[in-house]
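Enquirer: requesting a structural model of the entry that follows:
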Amino acid sequence: MPPELPQRYTAALAAEIELRWQDRWDERGTFHTPNPTGALTDGEGRHADPSSPSFLIMDMFPYPSGDGLHVGHPLGYIATDVVGRFRRMCGDNVLHALGYDAFGLPAEQYAVQTGRHPRTTTEANIATMRRQLRRLGLAHDARRSFATTDSQYVRWTQWIFLQIFNAWYDEAAPRPDGGLGRARPVDELVAAYAGGARELPDAYAGRTWAQLDAVERRRVIDPQRLAYVSETPVNWCPGLGTVLANEEVTVDGRSERGNFPVFKRNLRQWNMRITAYADRLAADLDLIDWPEKVRAMQRNWIGRSEGARVTFEVIGGQEIEVFTTRPDTLFGATFMVVAPEHPLLDEVPVDWPDGTHKTWTVGHASPIAAVAAYRAQTAAKTAVERQADAGTKTGVFTGHLAINPVNHELIPVFTADYVLMGYGTGAIMAVPAQDARDWDFATAFELPIVRTVRPPEGFDGGPFVGDGPAMSSANDEISLDGMDVATAKAVITAWLEDKGLGVATVTYRLRDWLFSRQRYWGEPFPIVYDEHDLPIALPESMLPVDLPDVPDYSPRTFAADDAHSTPEPPLGRNEEWVNVTLDLGDGPRTYRRDTNTMPNWAGSCWYYLNYLDPGRRDVVVDPELERYWMGPQHDAAAGVSGGVDLYVGGVEHAVLHLLYARFWHKALHDLGHVSSVEPFRTLFNQGYIQAYAYADARGQYVPAAEVVEDEAGGFTWQGTEVFREYGKIGKSLKNSVTPDEMYEAYGADTFRVYEMSMGPLDVSRPWDTRAVVGSQRFLQRLWRTVVDEQTGDVTVVDTEPDAATSRLVHRTIDEVRTEMAAMRFNTAIARLIVLTNHLTGLPAVPRAAAEALVLLVAPLAPHVAEELWSRLGHEVSLAREPYPVADPALLVEETVTCVVQVQGKVRDRIEVSPSIGQDELRELALAAAGVQRALDGRAVRTVIVRPPTLVNVVPA
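Expert: From the prediction side, this is the model:
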């Protein structure tokens, strides 16, 4: 092997260059983003021009794990850095910063195991992550970094909670967009009651506001707040010792974290009235540029349904109200089903009514015995298990008989566990002819089936769930027969409303956000309770409410299946903190603090606003800064919604963080704190990097880095055959690779280029350490276009490029600008490789071509680009140099269509020059989106290139 050239771009030289430029960027404040006003200026002390184009780019808030980063984590961070650097060179004032979502369960669990305060371990984890990310060369404004656990950040999270607590939702209030319904301060609700403009609730009928005492007034107001305490069904997880939001429970009815069973319990908890915003949350999805998949997920989670609430009278019992999207099928309702928790079942008949079918009693001697046994059986199941078990059609007749309001027929009321009290009204009317589940239940319990929608010709029986003309749907006052579904629904709903038997209604799957956690490591509620057990907001002067020390960080956990256990939060163990003497305006009194904490989602609901000016502490966000960075129409793409210009993160947050943040933002918008309607204008979901893992014949995993591939395509480890699989990067599969390893072996720029070249950013792909060398060779060739590897001298010449080189340079500029703007970094890199290969093949590289190439590469490989730019004689960083613009006169060239195949099947077509060479065509074909999708992570055996019209890729 020939000796290493002394000035070759190696990992060691890359490390020296990268560390030196990172220090220089910090010293000069290169990436200090100026605000138009306030303390934050650029590196030279200048404010931004208020009329300058702004671009706010964000990564989804990272959690600082104790394990540090693996190579899959930085994918999105590198991508946003590339975008930010590109937009900065295009003239935008780019704000890019990174904070840390530092509250949460992992740190608390570690504290429980070790006895160390979670703040200690969290801050150590943040320091590790900051070091790893700094080494990557990310152009963040470090002055704007923070953690959600910072006391001053907690102060403003608690302040926002109080804004929501001190607000109510007025459905009749006009909004600036022309719609109705918005949050208003509670003081305005009090004034409406005091002035007689609003009637008191039924419980206070006949009295005036002036006649109510202070406690009664609070009992009127508190249930109407956007943040309220209520005794509601919650998801209780004994194995974690805490309650969970619906979104934190898996489809299997278990906790997302820990996989413990979750049970429905009635507990007194804080709730956020997100349901008040359901229509706006659904409708405003049309205002923002998000992937359709995510918008569909949010719409489905919100679950808007139009229909009618219908009242059924029950003989000897309370009325049952049901919601149905098909009131036109009421004449076919032959029985009802209520949830086992329904209050109707608190009292049931002593004896079975005459005519009770033997099948309905399930062998019980009385309705009381039957209902009691069924309720006990159901209590052991989770909500999801109940839904999954619906196919077994368990249930029992309650002994109650209801009256169908449209034909006055008596219909039996059953209870069955597939009906959930937390959804709708906890009761359904069953129309077996039009519903497969009801049909099966009716068949199992020998209940009548009446068709009310005429099936088409040739229908072969069973339930008909399609649309058709109504049939068998008439009484002495109304007939729906022959009507289509839409007409029949409107007619029967109007008839029900006229009779006082029902009302047109819109319902939602979305439920109010359960906001209490029985945890230590979270934001305390800025609330105390008085002797009436009513909540009182603390004044702003008492914020933040910091976490006290406790003897034990762990909430009391229980046996995973102990559904009847009761929460015992850790904060309750500090009596001096819980029972506190305060003067809230009427002299010193003793109050009780809330021993729950906020969920970890609270801090991530508004962190984007804190990036704008984290040092500002007299308002949650400066209105002028919010309008500049996020306001509606703040740039050409912001639209009427405004918001963060680009938000990059995983799709797994579609109905958790993203929905919660939108709700908080809309509440802040209603209350006048922000001008933007939405928090995030454009959302991009990046794919994931996974890695190959290798297991032996016993299924035991072996270190992936030590596996050898033989010529036949097999794999061995220490001489033993192993088998490759594709999975998540991590310790368990022994396939983890850290960025630190990549920095040491190749350098940060090579690592950046490799991750951006692996395929389309929104597609998942496999990690292959052996392939990283290809990106290193590209940067080595880039280095050679400027620097002599033997002497280190600059080798460019001050002569004009020849015509072919000029055309290639400007075609590359044009194509790379297009690809960078669309975040297609892999195809941009492919074009840069082609240009680099061309320049290194020239006897001497013209300065104009070399400088253009360096500027084009700069967002992707910033350290080596800065070094080359400096060696080319420039004293100022290229961070804000104009990104090259193509000369249109040099782009005029005929193109031909090249067909790109994978295993002989056409997967893409690309437009290329008739004179394109084999190497250039090969690079462009391999980067094509259709090829990347077809390969789906597989290696390439060979590429057959027939310029300029055909390429065939043969996978390994």
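Enquirer: give the residue farthest from the middle of this protein.
Expert: residue 354 (55.2 Å; CA atoms, centre = their mean).
Enquirer: tell me who's in contact with that one.
Expert: Residues near residue 354 by CB atoms under 8 Å, 6 or more residues apart in numbering: none. Just so you know, the C-beta spots here come from the backbone N, C-alpha and C atoms, and that holds for glycine as well.
Enquirer: please apply the same query to the one 3 residues further on.
Expert: Residue 357 makes contact with 397, 445-446, according to CB under 8 Å, 6+ apart.
Enquirer: could you do residue 212 as well?
Expert: So residue 212 contacts 200, 204, 220 (CB under 8 Å, 6+ apart).
Enquirer: run the last query once more with 6 Å
Expert: Residues near residue 212 by CB atoms under 6 Å, 6 or more residues apart in numbering: none.
Enquirer: tell me the spacing between it and residue 220.
Expert: Distance of residue 212 to residue 220, computed by CB to CB, to the nearest Å: 7 Å.
Enquirer: and if you look at residue 149?
Expert: Taking CB to CB as the measure, residue 149 and residue 220 are separated by 37 Å.
Enquirer: so the two - more neighbours on which side?
Expert: More crowded of residue 149 and residue 220, by other CB atoms under 10 Å: residue 149, with 24 against 19.
Enquirer: how close does that one sit to residue 544?
Expert: 11 Å.
Enquirer: could you do residue 936 as well?
Expert: Distance, residue 936 to residue 544, using CB to CB: 49 Å.
Enquirer: who's more crowded, the two?
Expert: Taking other CB under 10 Å, residue 936 and residue 544 do not tie; residue 544 has more neighbours (19 against 14).
Enquirer: neighbours of the closest residue to the more buried one other than its chain neighbours, how many?
Expert: Closest residue to residue 544 apart from its sequence neighbours, by CB to CB, 6 or more residues apart in numbering: residue 155 at 3.7 Å. Neighbourhood size, residue 155 [other CB under 10 Å]: 19.
Enquirer: how about the secondary structure of residue 155?
Expert: For residue 155, the assignment made with DSSP: H, G, I helix; E, B strand; the rest coil gives helix.
Enquirer: same question, residue 505
Expert: Quick answer, by three-state DSSP: residue 505 is strand.
Enquirer: residues contacting it?
Expert: Residues counted as contacts of residue 505 (CB under 6 Å, 6+ apart) are 308-309.
Enquirer: partners of it in the sheet?
Expert: Going by DSSP bridges, residue 505 is paired in beta bridges with residue 307.
Enquirer: any idea how far it lies from residue 530?
Expert: Counting by CB to CB - residue 505 and residue 530 are separated by 37 Å.
Enquirer: ok, now residue 60?
Expert: In terms of CB to CB, residue 60 sits 40 Å off from residue 530.
Enquirer: out of the two, which sits in the busier spot?
Expert: Remark: of residue 60 and residue 530, residue 60 carries more neighbours, 22 against 15, as counted by other CB under 10 Å.
Enquirer: assign residue 740 to helix, strand or coil.
Expert: helix.
Enquirer: please disregard the earlier target; I meant residue 820.
Expert: helix.
Enquirer: where does pLDDT dip in the protein?
Expert: Scanning the chain with the threshold set as pLDDT under 70 gives 1-3, 380-392, 422-423.
Enquirer: tell me which residue lies nearest the centroid of it.
Expert: Residue closest to the chain centre, computed by CA atoms, centre = their mean, is residue 653 at 1.9 Å.
Enquirer: quick one, phi/psi of the closest residue to that one other than its chain neighbours?
Expert: Spatial nearest neighbour of residue 653, excluding adjacent residues (CB to CB, 6+ apart): residue 60 at 6.4 Å. Note on residue 60: its backbone torsions stand at phi -60, psi 140 [degrees, to the nearest 10].
Enquirer: and if you look at residue 546?
Expert: According to degrees, to the nearest 10, residue 546 has phi -80, psi 160.
Enquirer: so for it, what's the nearest residue that isn't a sequence neighbour?
Expert: Using CB to CB, 6+ apart, the nearest residue to residue 546 is residue 151, at 5.9 Å.
Enquirer: okay, now the closest residue to residue 750 other than its chain neighbours: neighbour count?
Expert: Among residues not flanking residue 750 along the chain, residue 776 sits closest, at 4.5 Å (CB to CB, 6+ apart). Other residues lying near residue 776 total 21 when counted by other CB under 10 Å.
Enquirer: wait, residue 776 sits on residue 745?
Expert: No: with contact defined as CB atoms under 6 Å, residue 776 does not reach residue 745; the gap is 9.0 Å.
Enquirer: where exactly do the helices run in the stretch 351-500 of the chain?
Expert: If DSSP state H, counting those that start in this stretch is used as the criterion, the helices of the stretch 351-500 of the chain fall at 358-361, 367-379, 383-388, 436-444, 485-499.
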